[in-house]
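J.: Let's see this in three dimensions:
(2 chains, ligands or ions: 1)
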Amino acid sequence: MKGHTHAKAAEEFIKDDARTHWHDETLWHVRQKRDLSAQGIPEWETLRDTASATKNYVLSHLGELLEQFEANALANGVEVLWAKDAKEHNDHVYRILQENKVANIVKSKSILTEECGLNHYLEDKGYEVVDTDLGERIIQFAKQAPSHIVLPAIHLKKQDIGEIFHKHIGTQEGASDPKYLTEAARQHLRKKFIEANAAITGVNFGIAETGGFVVCTNEGNADMGTHLADIHIACMGIEKLIPRAADLGVFLRLLARSATGQSITNYSSHFHRPAQGKKMYIILVDNGRTEQLGREDFKNSLKCIRCGACMNTCPIYRRSGGYSYNSTVPGPIGSILSPGKDLKKYSTLPFASTLCGSCSDVCPVKINIHEQLYKWRQVITENTDVDASKKLAMKVAGVTFGKPVLYDLAGKMARTALKITPDSLVYSSINVWGKHRDLPQVPKESFKEWYKKNRKS
Amino acid sequence: MRVGLFIPCYVDQFYPGVAKASLELLEKYDIEVDYPLSQTCCGQPMANSGYERYGKESAELFLKNFDHFDYIVAPSGSCTLHVKDHVLPKDEKAPQIFELCEFLTDVLKVKDIVSSFPHKVGFHSSCHGLRGLRLAKCSERMDPEFNKPLSLLQKVKDIEMVELDRKDECCGFGGTFAVAEEAVSITMGNDRIADHQKNGVEVLTGADMSCLMHLQGLITRQKSPIKVMHIAEILNGNPVK
Ligand code: SF4
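T.: Numbers count the residues shown, from 1 in each chain, chains lettered A, B, ... in the order given. Modelled structure (predicted):
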């Protein structure tokens, strides 16, 4: 297959065996913390059911809830803007910055702005955008994209971070003490916060009933930014709504526990209206979401609250790294969201799974991720020019399995072939199975042959 | 009770011993078990590869072979799940399909397993059985504990079950995944084996021969002393290979 494939990228990542296992262990540790913390909640499964039902309601009433949200936000004195795609979103942000003569911008983590490519867009226009979440800042220095939606720099070891900080903020060469590095980052970011005239944040939950919204951060950087700057631009995917403020408790309890095992995110900041003399904007972004909503089999991927638990639990993600998915949202959820955006480009992602189902069972809003992976596979083989030899093999298998006589014959031939084929051929590169695994020992008769002789005669 | 034994294609061809053990085990419980001779494959390999449509003929054949039974029993979680989800019609008259272990625990409600197996055994919990058929509580969910295959193994005399560090992580087989994503598949398989090895397992068992085929392939390549047996062989009282 041409271009980027998950398998190729994964193979590259796995070449560094020590790093692969370190990556796996680190994320498994987060998964274990999540388990421990979920075990502390007797009503965990009920919470998941409730969250899932609430999000289902949101998706089936999205239009009216969005209107309700807009009306309430407007009444609160917030300016509401709509963006059908990434470009419209970025144009809105740019216009706001121009209108308000903003010079310095801080941003707190938002996957949506990453999805829209906002940083690059603004940099091209001459702005410097400072990501203030520590992990985001690290990869921003390294000119990398996030490799995980909650732990964006999880692929970097502390030695890597020490090097990056040495180069960009002048920490001592070779220093890798997390405390020292964090303190250095804090001093560096403090300056940026003080200078900023505009703060851009994401939105975790928009509340239709009140027109308010909630941003969850562990470092309080959304608070720092918005309190100090005069302009707050909140960028929100249209699926981030919940109906009522009363629903919030369910989601806040699930989010942090699923993400990191914390009982609650350190800062859950509630925003309703601009402070006196300040301005607040909300940009409601579609960017392919209504299209996904229209796909019956795939629409509930939009229930996602971006906790990252499916990535931490995914045995493939843990061993192939976030970049192997080549998409803003990697991992299992990314593998069902991305094909909706570009079927060709992301055609290998739904196959980057054993369909083990762990993602669906860990997901706090009960998205049937692995079933959607299965469904995307069917769509992909029908609609893209996938591997011709695989297609043929499957067709032949289909015919063979449809006819008992053919099947018995093929089975016998396969067993004979395996018996008489020299090892050198079986274990050559044409037989991928045999490169690292032995083939099963070939029995002299199939069960069917045995059964005919011993039971049916 | 009319029971039809479904032996997945690769078990028929490469692991006849597992099929025999399954048959003999069922026969111990005084039920009439029949093995339809025209059976081939349930179509799972095609379906999971994105070619569900090429599995139509084998699905039709499957129904023709098995529609007159009350129960279909198969020694494989993943094939059972595929048949349940994608082959059998969703009506009450259709036969019900059970994976071998759950048939023993849920339908036959067996009290005793007459076998002895004096070894340290590690159980590989195959994903389709675990999270698809719910043969046990998976570690992600916060429901009450239960484990059908383990409850049977615990009835075997002299057996010593070993606890693993990661009790239900995938082995990386995943059908064509094992070939298409070779690097990840191999790493996952070796990691699973290392967990068993670290915890002193002598015999690695499970309810899905496909995962075991992948693990066994790696084990023999590594020249690891761990033996691999399907759960039917242990429950049937077969000696260690
Ligand atoms: S799909 Fe579920 S588990 Fe994955 S990030 Fe979204 S909410 Fe979390």
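J.: Tell me the gap between the host helix or strand of residue A:87 and the middle of its chain.
T.: Counting by DSSP states H and E, the element that carries residue A:87 is helix A:86-99. The chain centroid and the centroid of helix A:86-99 are separated by 25 Å under CA atoms, centre = their mean, to the nearest Å.
J.: which of the residues in that helix are buried?
T.: Buried residues in helix A:86-99, defined by neighbour count with 16 or more other CB atoms under 10 Å in any protein chain shown: A:86, A:88, A:89, A:90, A:92, A:93, A:94, A:96, A:97. Glycine gets a C-beta too; all of them are placed from N, C-alpha and C.
J.: who does it touch, helix- and strand-wise?
T.: strand A:79-83, helix A:111-116, helix A:118-124, strand A:198-201, strand A:231-237, strand A:279-285 (3 or more CB pairs under 8 Å, 6 or more residues apart in numbering or on different chains; DSSP states H and E).
J.: That one: what's the following helix or strand?
T.: Following helix A:86-99 in sequence order, the next helix or strand is strand A:105-107 (DSSP H and E).
J.: Could you check how far residue B:101 is from residue A:51?
T.: 33 Å (CB to CB, to the nearest Å).
J.: Who are the contact partners of the residue in the stretch 351-457 of chain A that the ligand sits nearest to?
T.: Nearest to the ligand, among the residues of the stretch 351-457 of chain A, is residue A:363, at 3.3 Å (CB to the nearest ligand atom). Counting by CB atoms under 8 Å, 6 or more residues apart in numbering or on different chains, residue A:363 touches A:48, A:258, A:309, A:310, A:333, A:369.
J.: Which single one of those residues is nearest to residue A:66?
T.: Of all those, residue A:333 has the smallest distance to residue A:66: 22.2 Å, by CB to CB.
J.: so where is chain B shaky, pLDDT-wise?
T.: Applying pLDDT under 70 to chain B flags no residue at all.
J.: which stretches of the stretch 101-250 of chain A form helices?
T.: Under the criterion DSSP state H, counting those that start in this stretch, the stretch 101-250 of chain A contains helices at A:111-116, A:118-124, A:134-141, A:158-169, A:178-195, A:221-228, A:248-260.
J.: between these, which gets nearest to chain B?
T.: For chain B, the closest of the helices of the stretch 101-250 of chain A is helix A:248-260, at 10.2 Å, according to CB to the nearest CB.
J.: contacting residues around the closest one?
T.: Outside helix A:248-260, the residues touching it (CB under 8 Å, 6+ apart) are A:30, A:33-34, A:37-38, A:41, A:47-48, A:50-51, A:54, A:150, A:204-205, A:207, A:214, A:216, A:218, A:242, A:262-265, A:268, A:305, A:307-309, A:362-365.
J.: change it to 7 Å
T.: A:30, A:33-34, A:37-38, A:47-48, A:50-51, A:54, A:150, A:205, A:207, A:214, A:216, A:242, A:262-265, A:268, A:305, A:307-309, A:364 (CB atoms under 7 Å, 6 or more residues apart in numbering or on different chains).
J.: try stretch A:330-346
T.: By CB under 7 Å, 6+ apart, stretch A:330-346 touches A:147, A:288, A:291-292, A:295, A:298, A:301, A:304, A:310-311, A:314, A:317, A:322, A:325, A:327, A:329, A:347, A:349-350, A:352-353, A:359, A:369, A:372-373, A:376, A:380, A:383-384.
J.: give me that answer again for 6 Å
T.: A:288, A:292, A:301, A:304, A:310-311, A:314, A:317, A:322, A:325, A:327, A:329, A:349-350, A:359, A:369, A:372, A:376, A:384 (CB atoms under 6 Å, 6 or more residues apart in numbering or on different chains).
J.: unless I'm mixing things up, residue A:247 is touching residue A:54, no?
T.: Yes. Residue A:247 is within contact range of residue A:54, at 5.3 Å (criterion: CB atoms under 6 Å).
J.: how deep is the closest residue to residue A:288 other than its chain neighbours tucked in, by neighbour count?
T.: Distances taken as CB to CB, 6 or more residues apart in numbering or on different chains put residue A:341 closest to residue A:288, at 5.2 Å, once the chain neighbours are dropped. Neighbourhood size, residue A:341 [other CB atoms under 10 Å in any protein chain shown]: 16.
J.: pLDDT score for residue A:341?
T.: At residue A:341, the model reports a pLDDT of 95.
J.: now swap in residue A:439 and tell me
T.: 82.
J.: do the same with residue A:388
T.: pLDDT, read off for residue A:388, is 73.
J.: can you check residue A:195 too?
T.: Residue A:195 is given a pLDDT of 95.
J.: right, and it touches residue A:102 too?
T.: No. With contact defined as CB under 6 Å, residue A:195 does not reach residue A:102; the gap is 11.1 Å.
J.: between the two, which one's more packed in?
T.: residue A:102 (20 against 14).
J.: For the more buried one, give me its contacts.
T.: Contacts of residue A:102 (CB under 6 Å, 6+ apart): A:197, A:198.
J.: so how far is residue A:227 from it?
T.: 16 Å.
J.: show me the contacts for residue A:146.
T.: residue A:152.
J.: so which residue of chain B comes closest to the ligand?
T.: residue B:140 (10.0 Å).
J.: That residue sits in which helix or strand?
T.: Using DSSP H and E, no helix or strand contains residue B:140.
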